[in-house]
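Asks: Sequence first, then the predicted structure:
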Amino acid sequence: MDSKETSKEETATQADLLMDLKLLRSGFTPTPDNELSLDSYIEAYLEMNKFLGVLGPIFNMVTSEVETKVKILQEHRKSEDGDHYTTVNDMLSFEQKQAHGGVPGDRRGQPSGARTLLRLHRALEFVREFLLLIMRPREGFFGGQVSRLYGATLGKYHSWLIRTTTSTALFTIPAHATIMQRLTKGKTEVDDSVREEMDQVIAAMKDAYDLTHKLYQQYGYLDLP
């Protein structure tokens, strides 16, 4: 076997990936009229949770929390008020009206959709930047880079104790090469089509994040407890 054949065998195509990139891209892409479908967002988020699952034990609690919050949103969609949870904007508008302009509270024993989605929204920024780091690795200690990334994104919303504990624990995260292999069924490189598709996924995640952030800002919900 020559080096060219070896290189080809070690290069991952989209069929080798743990995540469905097309599902991620479509799920996080706003509609032409600039709406974000809650069903599509949920589906994409569950797919993205597979990425968090390969990052080691430190993320076990995170993946479990994602599943819990997604289930809450799904319950809202299946409820008799489900039509009011079709898009993110529909949900925020409905819950604000139900709260008479105040802070949305629990509904039928479930945390409000607005409060639940806000937690996923904050985590999306971290995951997006993490994927960017995976696809465009920098020189230096990977664990330290991830720790700083956490502090600049999701860590902003955590207490000092959680932030300090998590930042320290992230120094033990698996190496970049290990994470890449877990995402690609043991391959060490990805082909150009995967890189192009991943760039589109990362761009779609930013679009979803920016639109959601703008909506939460409009409704005054960015700092919901």
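Replies: Nice, thanks for sending it over.
Asks: Tell me where this structure is predicted with low confidence.
Replies: Along the chain, segments meeting pLDDT under 70 span 1-9, 100-103, 105-108.
Asks: Show me the strands in it, by range?
Replies: 11-12, 189-190 (DSSP state E).
Asks: could you dump those to a markdown table with distance to R115 and mean neighbour count?
Replies: C-beta: built from backbone N, CA, C; applies to glycine. Listed next are the strands of the chain as a markdown table, based on distance: least, Cβ to Cβ, whole Å; neighbours: other Cβ atoms under 10 Å:
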| stretch | distance to R115 | mean neighbour count |
| --- | --- | --- |
| strand 11-12 | 38 | 18 |
| strand 189-190 | 37 | 17 |
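Asks: Adding distance to A177, write the ones you listed out as CSV.
Replies: Putting the strands of the chain into CSV (distance: least, Cβ to Cβ, whole Å) gives the following:
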stretch, distance to A177
strand 11-12, 13
strand 189-190, 10
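Asks: Out of those strands, flag the one nearest H213.
Replies: strand 189-190 (29.4 Å; Cβ to Cβ).
Asks: Which one, of the strands of the chain, ends up nearest to K206?
Replies: Using Cβ to Cβ, the nearest of the strands of the chain to K206 is strand 189-190, at 20.2 Å.
Asks: could you point out the longest helix in the protein?
Replies: Counting by DSSP state H, the longest helix found in the chain is helix 192-219.
Asks: buried stuff in that helix?
Replies: By neighbour count with 16 or more other Cβ atoms under 10 Å, helix 192-219 contains the buried residues 194, 197-198, 200-202, 204-206, 208-209, 211-213, 215-216, 219.
Asks: out of everything not next to it in sequence, what's closest to the most centrally placed residue in the chain?
Replies: Geometric centre of the chain, nearest residue: L124, 3.6 Å, by Cα atoms, centre = their mean. Excluding the flanking residues, the one nearest L124 by Cβ to Cβ, 6 or more residues apart in numbering is Y209, at 5.2 Å.
Asks: who's in contact with that neighbour?
Replies: Going by Cβ atoms under 8 Å, 6 or more residues apart in numbering, Y209 touches H121, L124, E125, R128.
Asks: Sitting in helices, which of the residues you listed do you find?
Replies: Short answer: the contacts of Y209 in helices (DSSP H) are H121, L124, E125, R128.
Asks: quick one, helices of this protein?
Replies: Under DSSP H, the chain gives helices at 3-9, 21-28, 38-53, 60-78, 88-98, 113-135, 142-152, 160-169, 176-183, 192-219.
Asks: and of those, who's closest to P225?
Replies: From the helices of the chain, taking Cβ to Cβ, the stretch that ends up closest is helix 113-135, at 7.7 Å.
Asks: buried stuff in the closest one?
Replies: Neighbour counts using 16+ other Cβ under 10 Å place 113-134 of helix 113-135 among the buried residues.
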